[in-house]
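Novice: based on what follows, work out the 3D shape:
(one chain, ligands or ions: 2)
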Amino acid sequence: MPHEDGPAFYPTVATLSLGSYTVINYYPKNWIPSDRQQVADYMAEPGRTVYRPREPSFSLLLQPRSLVITSKEAYTSYLHGIDEVQKDTIDEKVVNLGSCTGVKVGDNLERTTRLSLTIRYVPKAIQARFLIGK
Ligand SMILES: O=C(O)CCC(=O)C(=O)O
Ligand SMILES: [Fe+2]
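Specialist: Ligands and ions are numbered 1, 2, ... in the order given. Predicted structure coming up:
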């Protein structure tokens, strides 16, 4: 589900992908539709009030053993999310194909099991001893 990683992890999150390929989509955050057509093209996830266009602004192909670092505008101005699909069709919105060998627009990539390790720096974490008592 498209989301923002929130202020606790700002300004940088790093994500290591292992196993399957996947595609991650980026949608503008705090997006305000400018005309009736755009209103028809936006949505919120069930039970959520964060609206976004139905189509992403851009996407990244996350290859096995790749590292994606989310910072700056990608962190502050976009929601990100991975569709729940069995295969990804590579389209023109995938902006990192130049760094991915053997993959082109129009390819269908079947998903298999994927493990994603997310590395976050949380300087203001509450120490566990305060939560569990003496
Ligand atoms: O599976 C991924 O690569 C994305 C995970 C993610 O967005 C998150 O943990 O906040
Ligand atoms: Fe995230």
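Novice: CA only for contacts and neighbour counts going forward, please
Specialist: Fine.
Novice: by proximity to ligand 1, which residue of the protein wins?
Specialist: Going by Cα to the nearest ligand atom, ligand 1 is nearest to S116 of the chain, at 5.1 Å.
Novice: and that residue, what does it touch?
Specialist: By Cα atoms under 8 Å, 6 or more residues apart in numbering, S116 lies in contact with T15, L16, S17, L18.
Novice: which of those tops the neighbour count?
Specialist: S17 (20 neighbours; other Cα atoms under 10 Å).
Novice: is it true that that residue touches L67?
Specialist: Yes: under the contact definition of Cα atoms under 8 Å, S17 touches L67, with a separation of 6.4 Å.
Novice: which stretches of the protein have low pLDDT?
Specialist: 36-50, 127-134 (pLDDT under 70).
Novice: for it, what spans make up the strands?
Specialist: Ranges of strands in the chain, per DSSP state E, are 13-19, 22-28, 42-44, 51-53, 58-62, 67-70, 78-81, 87-89, 108-110, 114-120.
Novice: buried set for the fourth one?
Specialist: Of the residues in strand 51-53, those buried by neighbour count under the rule 16 or more other Cα atoms under 10 Å are Y51, R52, P53.
Novice: adjacent strands (with direction) for that strand?
Specialist: When pairing is defined by DSSP bridges, strand 51-53 lines up against strand 42-44 (antiparallel).
Novice: bridged to the most centrally placed residue in the chain, which residues?
Specialist: The centroid of the chain falls nearest to H80 when counting by Cα atoms, centre = their mean (2.9 Å). On the basis of DSSP bridges, H80 is bridged to H3, Y26.
Novice: isn't it right up against N25?
Specialist: Yes: under the criterion of Cα under 8 Å, H80 makes contact with N25 at 5.5 Å.
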